[in-house]
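Q: Provided below are the primary sequence and the corresponding predicted coordinates.
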Amino acid sequence: MVIVTANIVKTVERSIFVVCIPTYMITALVLLIRWTDFRAATASEKLKVDHRTGRKCAACGGGLYDTIINFGESLFEEPLEKAYAAARNADLCLVLGSSLVIPPANKIPQSIGKRKNAKLVICNLQSTELDELSDLRIYSKVDDLMIRVMDKLDIPIPNFILHHRLIVELFTKDETRHHLKVYGVDVDNTLATFLRSVKLEGTRRAATSEPFEINFRRDLDPWATLKLELEFMGNYGEPNVEIVYEYHKDNDAKSVYLLDYDPMMGEWAVRKEESTSANGISRNQEIMNLTNQSSGLRLLVVGSEPLAIETFPNQKDEPEYAILSHTWSTNEVSFQDVLAGRSPERQGYQKIMACCKQASQDGFKYLWVDTCCIDKTSSAELQEAICSMYKW
């Protein structure tokens, strides 16, 4: 199968049905195009096309370059040849949100549309030059189409969660003069750009350029707190969020914060990454490993109030359970809601309680609900859940 979306060519094994969605609303089953807030290019005007990102590799210190294909540039030869090879063997070409006007990428679906033993499906709001070759032509938004496809396949669409890592450093010059530095990093500690400004409570102006540095005068007692208001790029409509930095006079003045944003709920989840322990993982992660039991099948305990989750790491220990098949709303109960005991605050709570009542009447002690039995903030667990969905 070949997928063409937004003039990007992707190839996958012909035996796998793949859906690919260009917005945060839908997560792909097998193929995921990930958009980030990172700075993509430098502001250099010396070169017509400059692929330097202005960021450095955390491992070797060398410059990082983007792989963006600008207008007037050729596609990379190797992936283009692989795309043509996949097209020759494909049973289906699915075009999502592309006007098919940019060569040579538009030649790939054209070659499939001309074959008798292959199908060409085009989903695009505007007409394309290949409409007459298509076996199925759909005039709709990609999200609208794929929501119906996933519903037809009875496969739930997991929420997209935006993850950021933020570092706050405090340097004390003397008893009253302090220097605050705030910056974002990727998982490999490569510098990442996702903030627009940082403002310290009690100061008049916000820092608006990288690196975000604030000099201030204040008597800080041990364990004093500093409140920072973060403004983001806004690519996902993120609201500002406030974090609290704890000043430890005799300890390391560097703190790492994990920021998770749910675009569907419009909510931030902020937690502090604790110091690394002797076994190489953070204390925060140790607690998660002990309490959440992240691997295996999670089930809601029928009759528990507030809702409680039990995990079954081994398949042979899994009990019989009921499944709630439902349409997601904008205020469903998440896994984090269950852990925090705030399930009753969500709109989807009554739906789950009604299902628990029915499951109890039918003799089931456990219930599986996709919205809250999967930790969607864990990319590893989300991938495992997607692969296990049919089995569950």
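A: Perfect, I can see it now.

Q: what is the neighbour count of residue 332?
A: Residue 332 has 21 neighbouring residues, counting by other CB atoms under 10 Å. In this view, the C-beta of every residue, glycine as well, is placed from N, C-alpha and C.

Q: make 883 the first number, not 1, from now on.
A: Got it, the first residue is 883 from now on, which makes the last one we talked about residue 1214.

Q: now the element after the helix or strand bottoming out on mean pLDDT in the chain, going C-ward?
A: Within the chain, no helix or strand scores below helix 1165-1174, which has a mean of 38 by mean pLDDT, DSSP states H and E. Downstream of helix 1165-1174, the next assigned helix or strand under DSSP states H and E is strand 1179-1183.

Q: quick one: pLDDT of the nearest residue in space to residue 1123 that is not next to it in sequence?
A: What sits nearest to residue 1123 in space, not counting adjacent residues and going by CB to CB, 6 or more residues apart in numbering, is residue 1150, at 4.5 Å. Looking at residue 1150, its pLDDT is 91.

Q: residue 1025 in helix, strand or coil?
A: helix (DSSP: H, G, I helix; E, B strand; the rest coil).

Q: related to what we said a few turns ago, beta partners for the residue nearest to residue 1123?
A: residue 1143 (DSSP bridges).

Q: so what's the residue count around it?
A: For residue 1150, using other CB under 10 Å, the count is 19.

Q: any idea how far it is from residue 1117?
A: 15 Å (CB to CB, to the nearest Å).

Q: before we move on, the earlier item: for the residue nearest to residue 1123, what are its contacts?
A: Counting by CB atoms under 8 Å, 6 or more residues apart in numbering, residue 1150 makes contact with 1120, 1121, 1123, 1141, 1142, 1143.

Q: could you do residue 1015 as well?
A: 991, 992, 995, 996, 1002.

Q: who wins for most neighbours among those residues?
A: residue 991 (28 neighbours).

Q: quick one: that residue is in a strand?
A: No. Assigned with three-state DSSP, residue 991 falls outside any strand and is helix.

Q: isn't it up against residue 1012?
A: Yes. Shown here, residue 991 and residue 1012 form a contact pair, counting by CB atoms under 8 Å, at 6.0 Å.

Q: so residue 935 belongs to a strand, correct?
A: Yes. Under three-state DSSP, residue 935 sits within a strand.

Q: that one: neighbour count?
A: Using other CB under 10 Å: residue 935 sits among 19 other residues.

Q: again, but for residue 1195
A: With other CB under 10 Å as criterion, residue 1195 counts 11.

Q: quick one: residues contacting the nearest residue to it once chain neighbours are set aside.
A: Using CB to CB, 6+ apart and skipping the chain neighbours, the partner closest in space to residue 1195 is residue 1178 (3.7 Å). Going by CB under 8 Å, 6+ apart, residue 1178 touches 1193, 1194, 1195, 1196.

Q: how's the chain carved up into domains?
A: Using automatic domain parsing, the domains assigned to the chain come out as 884-1034, 1044-1155, 1173-1270.

Q: worst mean pLDDT among those domains?
A: Per-segment mean pLDDT for the domains of the chain reaches its minimum on domain 884-1034, at a mean of 72.

Q: now a PyMOL select for only the buried ones of the contacts of residue 1150.
A: Burial among the contacts of residue 1150 is assessed by 16 or more other CB atoms under 10 Å; the matching PyMOL selection reads:
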select buried, resi 1120+1123+1141+1142+1143
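
Q: pick out the most distant pair among the contacts of residue 1150.
A: 1121 and 1142 (13.7 Å; CB to CB).

Q: tell me the strands beside the lengthiest strand in the chain, with direction?
A: The single longest strand within the chain, with elements called by DSSP state E, is strand 1044-1054. Strands that pair with strand 1044-1054, judged by DSSP bridges, come out as strand 1059-1067 (antiparallel), strand 1136-1144 (antiparallel).

Q: how about JSON lines for these, with distance to residue 950 added?
A: Converted to JSON lines, the strands paired with strand 1044-1054 look like this (distance: least, CB to CB, whole Å):
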{"stretch": "strand 1059-1067", "distance to residue 950": "21"}
{"stretch": "strand 1136-1144", "distance to residue 950": "25"}
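
Q: of all the ones you listed, which lies closest to residue 980?
A: Per CB to CB, nearest to residue 980 of the strands paired with strand 1044-1054: strand 1136-1144, 28.3 Å.

Q: contacts for that closest one, please.
A: 1041, 1043-1051, 1112, 1118, 1120, 1123, 1125, 1127-1128, 1149-1155, 1216, 1259.

Q: can you map out the helices along the stretch 933-1082 of the chain?
A: 959-971, 989-995, 1024-1034 (DSSP state H, counting those that start in this stretch).

Q: and the longest one, how far from the chain's centre?
A: Distance, stretch centre to chain centre, for helix 959-971: 29 Å (CA atoms, centre = their mean, to the nearest Å).

Q: stretch 1110-1121 too?
A: 16 Å.

Q: ok, stretch 1064-1082 next?
A: 17 Å.

Q: what comes up buried for it?
A: 1064-1066, 1068, 1072-1082.

Q: and that stretch, end to end?
A: 11 Å (CA to CA, to the nearest Å).

Q: can you tell me what sits against that stretch?
A: 918-921, 937-941, 946, 1046-1051, 1062, 1087-1090, 1092-1096, 1098, 1108-1116.

Q: rerun at 7 Å
A: Residues from elsewhere that reach stretch 1064-1082 (CB atoms under 7 Å, 6 or more residues apart in numbering): 919-921, 937, 939-940, 1046-1050, 1062, 1088-1090, 1092-1094, 1096, 1098, 1108, 1110-1115.

Q: swap in stretch 1210-1225?
A: 1146-1147, 1151, 1188-1189, 1191, 1228-1231, 1234, 1253-1254, 1256-1258.

Q: swap in 8 Å and give it another go.
A: In contact with stretch 1210-1225 (CB under 8 Å, 6+ apart) are residues 1038-1039, 1041, 1144, 1146-1147, 1151, 1173-1174, 1180, 1182, 1188-1191, 1227-1231, 1234, 1251, 1253-1259.
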